[in-house]
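Asker: Give the three-dimensional model of this entry:
(chains A and B)
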Amino acid sequence: MKLYDSFRSALQSLVVNKLRSALTMLGVIIGVAAVIAMVSVGNGASQSVQNTILNLGSNLVTVSPSFGNDNGLKGAGAQAQNLTLDDMRSIQDQLGASIAAAEAEQQAGRWQITAVGQNTNTSVTGVTEDYPIVRDWGLDSGAFFSTSDLNVNAQVAVLGATTATNLFGDVDPVGQTIQLRQAFGGGGQGGAAQRARILNFRVVGVLGVKGSTFGFIRDDQILVPLTTAEHVLTGRLNQVSQIVIKATSSDTMDVTTSDVSNILLQRHNIADPASADFTVTNQNDTLAALSSVTGTFTLLLGAIGGISLLVGGIGIMNIMLVSVNERTREIGIRKAVGARRGDILNQFLIEAIALTGLGGVIGILLGWAITLVVHQIPQAASIPLLITSGTVIIAVGVSVAIGVVFGLYPAMRAARLHPIQALRYE
Amino acid sequence: MIESVVQLRGITKTYRIGREITVNALRGVDLDIHPAEFVAIMGPSGSGKSTLMNVLGCLDVADGGTYVLAGEDVGKLSDNQLAGIRNKHVGFVFQTYNLLSRLNAIENVELPLVYGGDRHARRERALAALEQVGLGDRIHHRPSELSGGQQQRVAIARALLNDPSMILADEPTGNLDSRSSAEILSIFQRLNDLGKTVIMVTHEPDVAAHTKRIVRMRDGIIAHDDLVARPRRAEDEIAMGIGAAE
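Answerer: The predicted model follows:
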């Protein structure tokens, strides 16, 4: 029996029992749709997390201070502050062109900012001149401060887009002066006892809009030269909160990570890497860790869909057994005119596969429709919904495989029927 | 000597009903059927004629003895090989027609060619077979849209399709009125005149009287095997307006 005849015969019997075929298919349709929708939401979520990480700048290697280790005794309590601007300059000098750029940062805390009658409260960070390169962050207007500004502890500032709007509205802030004030001394009770430092900064640039990362609105901040932050704002000299190095590409990140580590170990006179007083974090590691989390998440969602697919498969088996029973006489007739076991097996197997395959295709369309609907939900709108060809191929493959697995037993029962008994069956 | 279409030697078949009871349905049957014979197999219920029919049609395998069908020993064949033999050598006609209700007349007739033989010109051959039984104008009718006699003619067309060595008919007129019975018998007689071997199981003497030879079964053996001196012609009976079984 040729495949064409098997297919024709299978489709014919599906068409004859339209309602039954449709209901049976429903199980597979829902299962496949669930897999598609769940996995695409999962993939989208993991893509979204990845985008968020990369929004901080790509190919980043981050060095942050950690506890010193003195004869097995970790720095008691406070975090050590032992990274310096010189560490960063040394990395720049020694690695040269083998890295894209490097910068150092010091958090200078939150300050009250006033300008032309407006005021706001935001965080101030001291950074070095290559910050825009490292962070892939261009300026909307003005220019970033330069090495010479750092050399002279210049009181210049670059505003985040939101901060600029808060203080200046539509006016271009470049060239304007802002005042940073921080209350100190005295108690909270008697306001009069408080004194305030007031520092004037000239605005030299405004950062482009970046959006938020993990809820932290990165457009509301002020950047000043690192040296200015150290000497003028905080007084904490040679205490960099992190050094960020941008590798030339994702492939060179591992090399850069170990190079940076070696330079710092040497500079800090530490022989044993295990007792390093700093931590080097590779963005790839962060991404890998997060993607393993989101991968598990996706797998879990897929498994839920898979269970409904399994239930659908059992429905297929059930209906195929009924169908074999109903058509016992037909099987007898076919055997009498010369159908071999394999012919009967094929016929019923193809019927089951046609059910699940068709169900699979409809399920993909339904799953796709569901992801579109999910996309309309505001909370999910930022999540890119990814239906990959892999998902589709797997879903169709699995539904066809379910047809084979759950159709095989009924088909074998049909094939094994004895022709005489089948012909006598009422 | 002409080679036999069917050659049975010492065929035995025992059925087991439940655990205790065994039925010796066939107890040593010897039978030769030659090409272009028209044989009736008769006998009361339980005489073994249905079992003999199943063995002849390769639907069942004998326990003992040898069965040579068209020169081929079919005693030791596998299920699939038997299916091939049925497809090639046996054309079945059943009492209840056994057409597939989902298929129309011509699709039913085509069925044997779906499972073997020359696939080319399947449609043409099915059409020719239907014309041979006088149903050339009903090829797209489903079985439910045909009368009993017409359904049986579709079944005969199906049996003819692969040009089998023999047509094996099991009570082919059992569900038909006398007029339709006469038509079916006249088709068999006409096919037999053209050289087809026809074996027909029946319990009606009037029907058997249309064949050339009557084999009577009793208790699992052949009790009588007689030639019919002057077979009745169904065509004449139709012309005279009387049914075959009257």
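Asker: Next to chain A, which bits of chain B? Give me the list.
Answerer: For chain B, the contact set with chain A under CB under 8 Å from any CB of the partner chain comprises B:54, B:57, B:59-60, B:79-80, B:83-84, B:86-88, B:92, B:94, B:98-100, B:102-103, B:111-112, B:114-116, B:119, B:158, B:162. (Each C-beta comes from the backbone N, C-alpha and C, glycine too.)
Asker: packing partners for the helix or strand encompassing residue A:90?
Answerer: Assigning secondary structure by DSSP states H and E places residue A:90 in helix A:85-95. Contacts defined by 3 or more CB pairs under 8 Å, 6 or more residues apart in numbering or on different chains; DSSP states H and E place helix A:85-95 against strand A:99-115, strand A:242-247, helix A:253-267.
Asker: before we move on, back to that, derive a PyMOL selection command for the buried subset of the residues of chain B next to chain A.
Answerer: One line in PyMOL is enough to select the buried members of the residues of chain B next to chain A, burial here meaning 16 or more other CB atoms under 10 Å in any protein chain shown:
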select buried, chain B and resi 54+57+59+60+83+84+86+87+88+92+94+98+99+100+102+103+111+112+114+115+116+158+162
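Asker: Point me to the residue of the stretch 301-426 of chain A nearest chain B.
Answerer: Chain B sits closest to residue A:338 of the stretch 301-426 of chain A, with a gap of 2.4 Å, by CB to the nearest CB.
Asker: Surely that residue and residue B:88 touch.
Answerer: Yes - taking contacts as CB atoms under 8 Å, residue A:338 lies within contact range of residue B:88: 7.4 Å.
Asker: what residues does the worst-scoring helix or strand of chain B on mean pLDDT touch?
Answerer: The helix or strand of chain B with the lowest confidence, counting by mean pLDDT, DSSP states H and E, is helix B:234-239 at a mean of 88. Here helix B:234-239 makes contact (CB atoms under 8 Å, 6 or more residues apart in numbering or on different chains) with B:179, B:182-183, B:185-186, B:189-190, B:210, B:243-244.
Asker: let's see 6 Å
Answerer: Applying CB atoms under 6 Å, 6 or more residues apart in numbering or on different chains, the contact partners of helix B:234-239 are B:182, B:185-186, B:189, B:210, B:244.
Asker: The helices and strands packed on helix A:85-95 into TSV, with extra columns for distance to chain B and mean pLDDT?
Answerer: Output for the helices and strands packed on helix A:85-95, formatted as TSV (distance: least, CB to the nearest CB, whole Å; pLDDT from 0 to 100):
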stretch	distance to chain B	mean pLDDT
strand A:99-115	69	90
strand A:242-247	67	92
helix A:253-267	62	91
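Asker: which one of those is the most hemmed in?
Answerer: Most buried of those by mean neighbour count (mean count of other CB atoms under 10 Å in any protein chain shown) is strand A:242-247; its value is a mean of 24.
Asker: Remind me which helix or strand the residue nearest to residue A:143 when sequence neighbours are not counted belongs to.
Answerer: What sits nearest to residue A:143 in space, not counting adjacent residues and going by CB to CB, 6 or more residues apart in numbering or on different chains, is residue A:205, at 5.3 Å. Assigning secondary structure by DSSP H and E places residue A:205 in strand A:195-207.
Asker: ok, residue A:198 - how many residues close by?
Answerer: Residue A:198: 10 surrounding residues under other CB atoms under 10 Å in any protein chain shown.
Asker: who's in contact with it?
Answerer: Residues counted as contacts of residue A:198 (CB under 6 Å, 6+ apart) are A:179, A:181.
Asker: Of the contacts of helix B:234-239, which is the nearest to chain A?
Answerer: Distance to chain A across the contacts of helix B:234-239 (CB to the nearest CB) is lowest for residue B:185, with 21.9 Å.
Asker: could you say which helix or strand contains that closest one?
Answerer: Using DSSP H and E, residue B:185 falls within helix B:178-193.
Asker: buried set for that helix?
Answerer: B:179-189, B:191-192.
Asker: ditto for stretch B:198-216
Answerer: Buried, per 16+ other CB under 10 Å, within stretch B:198-216: B:198-203, B:206-216.
Asker: any chance you could map the helices in chain A?
Answerer: Shown for chain A, the helices assigned by DSSP state H span residues A:3-16, A:18-55, A:85-95, A:131-134, A:147-151, A:161-168, A:226-228, A:253-267, A:283-326, A:328-336, A:341-376, A:389-416, A:419-424.
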